[in-house]
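1. everything below, folded, please.
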Amino acid sequence: MAAFAQFLGSSFESTDLVQGERIYYLSLEFYMGRTLQNTMVNLGLQNACDEAIYQEIEEDAGLGNGGLGRLAACFLDSMATLGLAAYGYGIRYEFGIFNQKILGGWQVEEADDWLRYGNPWEKARPEYMIPVHFYGHVQHGEGETKWVDTQVVLALPYDTPVPGYRNNTVNTMRLWSARAPNEFNLKDFRQPRSCPHLLRCFPRQELMRILVDIEKLEWDKAWDVTVRTCAYTNHTVLPEALERWPVHLFETLLPRHLEIIYEINQRFLDKVYATFPGDLDRLRRMSMVEEGSVKRINMAHLCIVGSHAVNGVAWIHSEILKATVFKDFYEFEPHKFQNKTNGITPRRWLVLCNPGLAEVIAERIGEDYIADLDQLKKLLNFVDDEGFIRDENKLKFSAYLEKEYKVKINPNSLFDVQVKRIHEYKRQLLNCLHVITLYNRIKREPNKHFVPRTVMIGGKAAPGYHMAKMIIKLVTAIGDIVNHDPVVGDRLKVIFLENYRVSLAEKAIPAADLSEQISTAGTEASGTGNMKFMLNGALTIGTMDGANVEMAEEAGEQNLYCAKDYYDHIPELKQAMDQLSNGFFSPKQPDLFKDIVNMLMYHDRKGQRPLQEHQGVDKEGDPEHWDFRKVLERPHHRPVRPRDLGGRAHPPKDPCP
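-> All right, here's what the predicted structure looks like:
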């Protein structure tokens, strides 16, 4: 608390005062959620301001969209808790991604004006304001290069404190906001800023520009500093997420940076050719400059070449990078490649969002587990404790759903939750097919006993992503039919969780019984939602992909229901597809879901949802059995923290051969 008070009262200098190495985590997203309660937890004051917390006045900080931004936020919390001197560097977006409204079953985007009431946690730092140059042209003189006649935008930093968990450490998240130069006196920025301040802001090519053009280092020494300074984390294998910037954009906006990239690329290809003489095709594949109708710069290649370390975010993802996506680079510099499996912070995703469970765990094994999750293994001594799991979270969330969504659900039903951004590879469509199948079973045998189930799907679709928006419409259309069918009653409900965000996740995750992690195998880099659900006791329905592989290894095969990727014959699938085709869920627009049917029939033949895994869950229909499984899962699951991030020597065994 003393460090936090000093941090607030000393112009946020805590991290600046640390001597020695510092970490700068650069991310375009920091999906922080609400700050007040998380800060109180880390300061040990969570019971000091309950009234303010429960009023829920604070806005979610709209600085990201899903996994990448949330991972960055968890890393900041972990680094502060480990006592590492670290900055998070990003952009201070004046508007968040968007607020999602569901009108007539369709997603409608509204501006997320998260700063409309200001942000009491941040402090502007005009003394660290930096000019950012664009356009202009490059002048080459004797022994020096100048980038002249540029247009300037000023980057004004805002600092937000990030306290560690009860350890007197407070780090900083520094977000940069664009300001017009006529708002300030430009003469204050004519002289180059000192190198230490600039190093915080710009990676690779900008760092090279500073070292070569401003600090006058010779190229090889500048390149050595750059490579030893930068590391690259790859978060995806999806081609559309691996950025390729048009050369004409660089030529116009950043002409000097383009020259530096060309020089980096030429020197790199010379080394590749010396190692693989005559292999011109390899040179083409590894070049940072991609030829074609539009010449582009491959930013991932630049990141690999300009870093001393390259990592994937789960063991299987790291292996895919080495075997396919970056195969040539791995063969050339294998020492660079390593694995750093993603993780989550238990402070927010257990202590904050599930205080009842956190308190019960503390009563059994003490509070050390909050900063050392290996301590959860001690819970194995309490798996037969009947009072261990409580139903308060489900009751609270049921009341919330009734209030917000006007749907009354059975709190004793199986809460089956899939919350993540809406995307074809995330396979919310397969969840929909399973719901339709459950509905048909109830209608076919209305007197048969069925395990009651409430299916919740939430997430945002990119505004221009037609298929993702159609998926949302399908979920709501299914809900309209299922939720109002008197034959079904409370045995099956379908709810789309509107405007899914961090604060809503903090309600949904502690209440979940089933966690849907069913992305197409080979496409999910890691995932952290799977870890959050498991930490709070949910059983996992998952493909063997991303971090699911390592979770199965840690938690035990009995706690992850493995979904095979392909079945030639699923008897009930045809009926579900026919219902989508003939307008059963859209009687006023029979062809509404034509695009979805075509995609499933002709473009996703390996995406047929296995119903057998859910049948296995249904057989365990006794809620007490679900509770027992919850206790079993927790002590084995160990979300990865930064100090755990060593590469794997051997792959985990596949529990679903």
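2. please count neighbours and contacts with C-alpha atoms only from this point.
-> Will do.
3. what's the local residue count around Lys406?
-> By other CA atoms under 10 Å, 10 other residues sit near Lys406.
4. next one: the one 10 residues further on
-> By the criterion of other CA under 10 Å, Asp416 has 22 neighbours.
5. likewise the one 3 residues further on?
-> Residues lying near Val419 (other CA under 10 Å) number 25.
6. run through the bridge partners of it.
-> Gly458 (DSSP bridges).
7. chain center to the strand or helix carrying Phe496: distance?
-> Taking DSSP states H and E as the criterion, Phe496 maps to strand 492-497. Centroid separation for strand 492-497 versus its chain: 24 Å, with CA atoms, centre = their mean, to the nearest Å.
8. what sits up against that strand?
-> Residues from elsewhere that reach strand 492-497, judged by CA atoms under 8 Å, 6 or more residues apart in numbering: 405, 409, 438-439, 452-459, 472, 475-476, 478-479, 482-483.
9. same check on stretch 97-117?
-> Residues contacting stretch 97-117 (CA under 8 Å, 6+ apart): 59-65, 94-96, 460-461, 463, 469-470, 472-473, 476-477, 498-500.
10. 10 Å instead, please
-> Residues outside stretch 97-117 that contact it (CA atoms under 10 Å, 6 or more residues apart in numbering): 58-65, 93-96, 459-463, 468-477, 479-480, 496-501.
11. average pLDDT for the strand holding Phe496?
-> Mean pLDDT, computed over strand 492-497, is 96.
12. same for the helix or strand just after it, what does it pack against?
-> Once strand 492-497 ends, the next helix or strand along the chain (criterion: DSSP H and E) is helix 502-511. In terms of contacts (3 or more CA pairs under 10 Å, 6 or more residues apart in numbering; DSSP states H and E), helix 502-511 is packed against helix 355-365, helix 392-405, strand 414-419, strand 453-458, strand 492-497, helix 529-535.
13. to the chain's geometric centre, what's the distance from the third one?
-> When C-alpha coordinates are averaged (CA atoms, centre = their mean), strand 414-419 and its chain have centres 19 Å apart.
14. next one: stretch 254-272
-> Chain-centre distance of stretch 254-272: 32 Å, with CA atoms, centre = their mean.
15. helices along the stretch 251-400 of the chain, start to end?
-> Taking DSSP state H, counting those that start in this stretch, the helices of the stretch 251-400 of the chain run over residues 255-275, 280-286, 299-305, 315-320, 327-332, 346, 355-365, 392-405.
16. now distance to Arg22 and mean pLDDT too, for those, in TSV please.
-> Below are the helices of the stretch 251-400 of the chain laid out as TSV (distance: least, CA to CA, whole Å; pLDDT from 0 to 100):
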stretch	distance to Arg22	mean pLDDT
helix 255-275	26	97
helix 280-286	32	97
helix 299-305	20	95
helix 315-320	26	88
helix 327-332	28	97
helix 346	24	94
helix 355-365	32	90
helix 392-405	40	91
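17. closest to Thr150 out of these?
-> Checking these against Thr150 by CA to CA gives helix 255-275 as the closest, at 10.1 Å.
18. confidence-wise, which helix or strand of the protein is lowest on average?
-> Least confident helix or strand, the chain: helix 195-199 with a mean of 37, by mean pLDDT, DSSP states H and E.
19. longest single strand anywhere in the chain?
-> strand 151-163 (DSSP state E).
20. mind listing what's buried in it?
-> Val152, Val153, Leu154, Ala155, Leu156, Pro157, Tyr158, Asp159, Thr160, Pro161, Val162, Pro163 (16 or more other CA atoms under 10 Å).
21. is Asn311 in contact with Asn234, as I believe?
-> Yes. Between Asn311 and Asn234 a contact is recorded at 6.2 Å, counting by CA atoms under 10 Å.
22. of these two, which one has the most company?
-> The residue with more neighbours, out of Asn311 and Asn234, is Asn311; 24 against 17, by other CA under 10 Å.
23. ok, that one - contacts?
-> Per CA under 10 Å, 6+ apart, neighbours of Asn311: 231-235, 304, 317-319, 321-322, 336-341, 647.
24. columns mean neighbour count and distance to Ala538 on top of the helices of the stretch 251-400 of the chain, output as JSON lines?
-> JSON lines is the format used below for the helices of the stretch 251-400 of the chain (neighbours: other CA atoms under 10 Å; distance: least, CA to CA, whole Å):
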{"stretch": "helix 255-275", "mean neighbour count": "16", "distance to Ala538": "47"}
{"stretch": "helix 280-286", "mean neighbour count": "15", "distance to Ala538": "43"}
{"stretch": "helix 299-305", "mean neighbour count": "20", "distance to Ala538": "36"}
{"stretch": "helix 315-320", "mean neighbour count": "24", "distance to Ala538": "23"}
{"stretch": "helix 327-332", "mean neighbour count": "16", "distance to Ala538": "36"}
{"stretch": "helix 346", "mean neighbour count": "25", "distance to Ala538": "15"}
{"stretch": "helix 355-365", "mean neighbour count": "16", "distance to Ala538": "13"}
{"stretch": "helix 392-405", "mean neighbour count": "16", "distance to Ala538": "12"}
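25. out of these, flag the one nearest Ser519.
-> Of those, the one closest to Ser519 (CA to CA) turns out to be helix 315-320, at 13.3 Å.
26. ok, back up a step: in CSV: the helices and strands packed on helix 502-511, plus distance to His133.
-> Shown next, in CSV, are these (distance: least, CA to CA, whole Å):
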stretch, distance to His133
helix 355-365, 48
helix 392-405, 47
strand 414-419, 40
strand 453-458, 41
strand 492-497, 43
helix 529-535, 39
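27. which ones are touching Asp279?
-> Val272, Tyr273.
28. how about the strands of the stretch 1-150 of the chain, start to end?
-> For the stretch 1-150 of the chain, the strands defined by DSSP state E, counting those that start in this stretch occupy 23-26, 86-91, 99-103, 106-110, 123-124, 130-134, 137-141, 144-148.
29. just these: most buried one?
-> strand 86-91 (a mean of 23; mean count of other CA atoms under 10 Å).
30. where are the low-confidence patches of the stretch 401-550 of the chain?
-> 522, 525, 544-550 (pLDDT under 70).
31. just checking, which of the contacts of Asn311 belong to strands?
-> Per DSSP E, these map to strands at Tyr232, Thr233, Phe337, Gln338, Asn339.
32. got TSV for these, with distance to Val148 and neighbour count too?
-> Output for the ones in strands among the contacts of Asn311, formatted as TSV (distance: CA to CA, whole Å; neighbours: other CA atoms under 10 Å):
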residue	distance to Val148	neighbour count
Tyr232	31	20
Thr233	33	17
Phe337	38	21
Gln338	41	23
Asn339	42	22
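33. Pro255 and Trp147 touch, don't they?
-> Yes. With contact defined as CA under 10 Å, Pro255 reaches Trp147; the gap is 8.1 Å.
34. next, the angle from the strand holding Phe496 to strand 453-458.
-> 20 degrees (axes from the mean of the first three to the mean of the last three CA atoms, to 10 degrees).
35. mind listing what the residue nearest to Leu82 when sequence neighbours are not counted touches?
-> Counting by CA to CA, 6 or more residues apart in numbering, the nearest residue to Leu82 once its immediate chain neighbours are dropped is Gly164, at 7.3 Å. Applying CA under 10 Å, 6+ apart, we find Gly164 in contact with 4, 39, 41-43, 76-84, 170-171, 347, 371.
36. ok, 7 Å please
-> Taking CA atoms under 7 Å, 6 or more residues apart in numbering, we find Gly164 in contact with Asn42, Asp77, Ala80, Thr81, Val170.
37. and what of Ile481?
-> Phe585.
38. right, and Gly62 touches Gly96 too?
-> Yes. The pair Gly62 and Gly96 qualifies as a contact (CA atoms under 7 Å) at a distance of 3.9 Å.
39. with neighbour numbers in mind, choose between those two.
-> Ranked by neighbour count (other CA under 10 Å), Gly62 and Gly96 place Gly62 first, with 27 against 20.
40. quick one: the more buried one from Arg116, how far?
-> Look at Gly62 and Arg116: by CA to CA, to the nearest Å, they are 12 Å apart.
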